[in-house]
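**Student:** could you look at this predicted model? Sequence included:
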Amino acid sequence: MGLELYLNLLSQPSRAVYIFAKKNGIPFELRTVDIIKGQHRSKEFFQINSLQKVPVLKDGDFILTESSAILIYLSCKYQTADHWYPSDLQARARVHEYLGWHADCIRGTFGVPMWVQVLGPLIGVQVPEEKVERNRTAIDQALQWLENKFLGDRLFLAGQQVTLADLMALEELMQPVAVGYELFKGRPRLAAWRERVEAFLGAELCQETHSLILSILEQAAKKTLPTPPPEVYPTMLLRIARIP
Amino acid sequence: MGLELYLDLLSQPCRAVYIFAKKNGIPFELRIVDLIKGQHLSDAFAQMNPLKKVPALKDGDFTLTESVAILLYLTRKYKVPDYWYPQDLQARARVDEYLAWQHTTLRRSCLRALWHKVMFPVFLGEPVSPQTLAATLAELDVNLQLLEDKFLQNKAFLTGPHISLADLVAITELMHPVGAGCQVFESRPKLATWRQRVEAAVGEDLFRDAHEVILKAKDFPPADPTIKQKLMPWVLAMIR
């Protein structure tokens, strides 16, 4: 059995891993884990990842979680082009500097609108408006930092070439975009960055990776999303409760 | 000017950077940035680091923030022993995995435990509801269990038979709730013996030196009103 990637294209870090593997022609078996249906909570998946989350990489007996760790592993094992994870000391440090800030200020924050507009309502939970507003402010502040500190007048977030940082960022930003947040409005530098990243990845690959998340509102409106089984309610409720 | 490290040993990530640099004999100028005096919010510090955070590294013209980025930079530049961040692909991936996981889990709960149990009520004079404190400590408990069950398991160190950056980052984080008076190790013999191994590997004198400040956190005198006013927005943003 070759490389297996356990993913769900509704998940931001899953998409970053998927798009990286595809762009670099890394051969893998896609194992889709349907989160809404609760497949991540199955006994079988527990054997793969006791944390019951995606993405997960399985390379023979070697199992690895955490998207940034997976991306770094893939870039090294498959010796992808240097720009993704530069060997230059300072250039690589800039990638890690972004990933550290991303974990604090982007991850968690940018996923909230999806919970508010789609996932919460799926189990009959409405997030208070006060929290929605607070999240909007947090998103705005993060985008300011993204544009001013990380992008600045550079072409990409960690330098003049695309890196793992840009993939992680793009896929997190797609989440609120998918539920109608106009993140790039009034942010021409960030909009230009997004276009550059998507042009580099290729329109076809972007469409393939993003079509599921971009159709989420439509699916929710048509009531074609799966119904979460009762056993996933506790973790969903916990996630919603953690929204500040 | 050689390497400069802008640190406050009150901060978990600063302790990891400090210990790592000292342990590996990396020469640096220590620049203390006193967080509870709000020095990180000053214009002078913002000039050097607009994100106004510690730790920060300055190596000639090169400025770097984020503790994991700093640790990895030091690892590569100063060619430290391999076990800190192994060359072996899978061994290194294990360290990357821990360093990624801890950010939104253990790090967050350790920080909240200190602030909800001690810093808000004692230092800032802001009461914390019993429910909030209970929720924070419950979350800490969950993450300590994950540390034991998913990462440590039956190994000597978090990612294998040797100490690595993962252990250093983890132990410095756990000292936060210890400093707050939480019983982190008392009911967890596995973690307690792991702690002893990490302390021995780091060196007990260095470990004690790095943790002197946090272990006195309960005794900080209350902040005066001017300082409190200055710090509140930063604290509230940090403890979302």
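**Tutor:** Received the coordinates, thanks.
**Student:** make it CA atoms for all contacts and neighbour counts henceforth
**Tutor:** OK.
**Student:** spell out which parts of chain A neighbour chain B.
**Tutor:** Contact residues (Cα under 8 Å from any Cα of the partner chain) of chain A with chain B: A:50, A:62, A:64-66, A:68-70, A:72-73, A:76-77, A:89-90, A:93-94, A:96-97, A:100-101, A:103-104, A:244.
**Student:** measure residue B:19 to residue B:207 for me?
**Tutor:** 7 Å (Cα to Cα, to the nearest Å).
**Student:** mind checking which of the residues of chain A next to chain B land in helices?
**Tutor:** A:68-70, A:72-73, A:76-77, A:89-90, A:93-94, A:96-97, A:100-101, A:103-104 (DSSP state H).
**Student:** for ChimeraX, what selects the buried ones among these?
**Tutor:** Buried residues among these (16 or more other Cα atoms under 10 Å in any protein chain shown), as a ChimeraX selection:
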select /A:68,69,70,72,73,90,93,94,96,97,100,101,103
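**Student:** state the three-state secondary structure for the residue nearest to residue A:29 when sequence neighbours are not counted.
**Tutor:** Nearest residue to residue A:29, sequence neighbours excluded (Cα to Cα, 6 or more residues apart in numbering or on different chains): residue A:4, at 4.7 Å. What DSSP: H, G, I helix; E, B strand; the rest coil gives for residue A:4 is strand.
**Student:** and residue A:4, bridged to which residues?
**Tutor:** residue A:29, residue A:58 (DSSP bridges).
**Student:** next up, the contacts around it.
**Tutor:** Taking Cα atoms under 8 Å, 6 or more residues apart in numbering or on different chains, we find residue A:4 in contact with A:28, A:29, A:30, A:31, A:57, A:58, A:59.
**Student:** where do the strands of the chain begin and end?
**Tutor:** Just going to use chain A. A:3-7, A:29-32, A:56-59, A:62-65 (DSSP state E).
**Student:** wrong one, chain B
**Tutor:** So, for chain B - with DSSP E - the strands run B:3-7, B:29-32, B:56-59, B:62-65.
**Student:** indicate which one of the ones you listed is closest to chain A.
**Tutor:** strand B:62-65 (6.1 Å; Cα to the nearest Cα).
**Student:** which residues does the closest one contact?
**Tutor:** Strand B:62-65 is touched from outside by A:90, A:93-94, A:97, B:48-49, B:53-58, B:70, with contacts defined as Cα under 8 Å, 6+ apart.
**Student:** from those residues, which is closest to residue B:159?
**Tutor:** residue B:70 (20.0 Å; Cα to Cα).
**Student:** measure how buried that closest one is and give me the count.
**Tutor:** Residue B:70 has 23 neighbours, counted by other Cα atoms under 10 Å in any protein chain shown.
**Student:** kindly report the same for residue B:27.
**Tutor:** Around residue B:27 there are 12 other residues, counting by other Cα under 10 Å.
**Student:** for it, which non-adjacent residue is closest in space?
**Tutor:** Nearest one to residue B:27, counting by Cα to Cα, 6+ apart, is residue B:3 at 7.1 Å.
**Student:** that neighbour touches residue B:60, doesn't it?
**Tutor:** Yes - when contacts are counted by Cα atoms under 8 Å, residue B:3 is listed as touching residue B:60 (7.0 Å).
**Student:** okay, these two: which has more neighbours?
**Tutor:** The neighbour comparison of residue B:3 against residue B:60 (other Cα under 10 Å) goes to residue B:3, with 14 against 10.
**Student:** got the residues of chain B near chain A?
**Tutor:** Counting by Cα under 8 Å from any Cα, chain B sits next to chain A at B:62, B:64-70, B:72-73, B:76-77, B:89-90, B:93-94, B:96-97, B:100-101, B:103-104, B:150, B:240.
**Student:** switch the cut-off to 10 Å
**Tutor:** By Cα under 10 Å from any Cα of the partner chain, the residues of chain B that approach chain A are B:50-51, B:62-74, B:76-77, B:89-90, B:92-104, B:108, B:146, B:149-150, B:237-240.
**Student:** buried members of those into PyMOL, please.
**Tutor:** Paste this into PyMOL to select the buried members of the residues of chain B next to chain A, with burial taken from 16+ other Cα under 10 Å:
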select buried, chain B and resi 51+63+64+65+66+67+68+69+70+71+72+73+74+92+93+94+95+96+97+98+99+100+101+102+103+108+146
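**Student:** filter the residues of chain B next to chain A down to the ones in helices?
**Tutor:** Per DSSP H, the subset of those in helices is B:67-74, B:76-77, B:89-90, B:92-104, B:108, B:146, B:237-238.
**Student:** what sits against residue A:62?
**Tutor:** A:3, B:90 (Cα atoms under 10 Å, 6 or more residues apart in numbering or on different chains).
**Student:** bridge partners for it, pull those for me.
**Tutor:** In beta-bridge terms (that is, DSSP bridges), residue A:62 pairs with residue A:59.
**Student:** any idea how far it is from residue A:43?
**Tutor:** 19 Å.
**Student:** one more: residue B:77?
**Tutor:** 44 Å.
**Student:** same check, this time on residue B:215
**Tutor:** Taking Cα to Cα, one finds residue B:215 at 42 Å from residue A:43.
**Student:** tell me which of the two has more neighbours.
**Tutor:** Between residue B:215 and residue A:43, counted using other Cα under 10 Å, the more crowded position is residue B:215 (18 against 12).
**Student:** I figured the more buried one hits residue B:172, correct?
**Tutor:** No - using Cα atoms under 10 Å, residue B:215 is not in contact with residue B:172, being 11.6 Å away.
**Student:** residues contacting residue B:223?
**Tutor:** Contacts of residue B:223 (Cα under 10 Å, 6+ apart): B:36, B:37, B:119, B:122, B:123, B:124, B:125, B:229, B:231.
**Student:** and the first one, how many neighbours?
**Tutor:** Which is residue B:36. 17.
**Student:** I figured it hits residue B:213, correct?
**Tutor:** No - using Cα under 10 Å, residue B:36 is not in contact with residue B:213, being 11.7 Å away.
**Student:** give me the pLDDT for residue A:168.
**Tutor:** At residue A:168, the pLDDT value in this model is 98.
**Student:** for it, which non-adjacent residue is spatially closest?
**Tutor:** residue A:16 (5.6 Å).
**Student:** and stretch B:125-140, which residues are buried?
**Tutor:** So for stretch B:125-140, counting by 16+ other Cα under 10 Å, buried means B:133, B:136, B:137, B:139, B:140.
**Student:** oh, that last question was meant for stretch A:137-147, not what I typed.
**Tutor:** In stretch A:137-147, counting by 16+ other Cα under 10 Å, buried: A:138, A:139, A:142, A:143, A:145, A:146, A:147.
**Student:** return the subset of those residues lying in helices.
**Tutor:** Those of the buried residues of stretch A:137-147 lying in helices (DSSP H): A:138, A:139, A:142, A:143, A:145.
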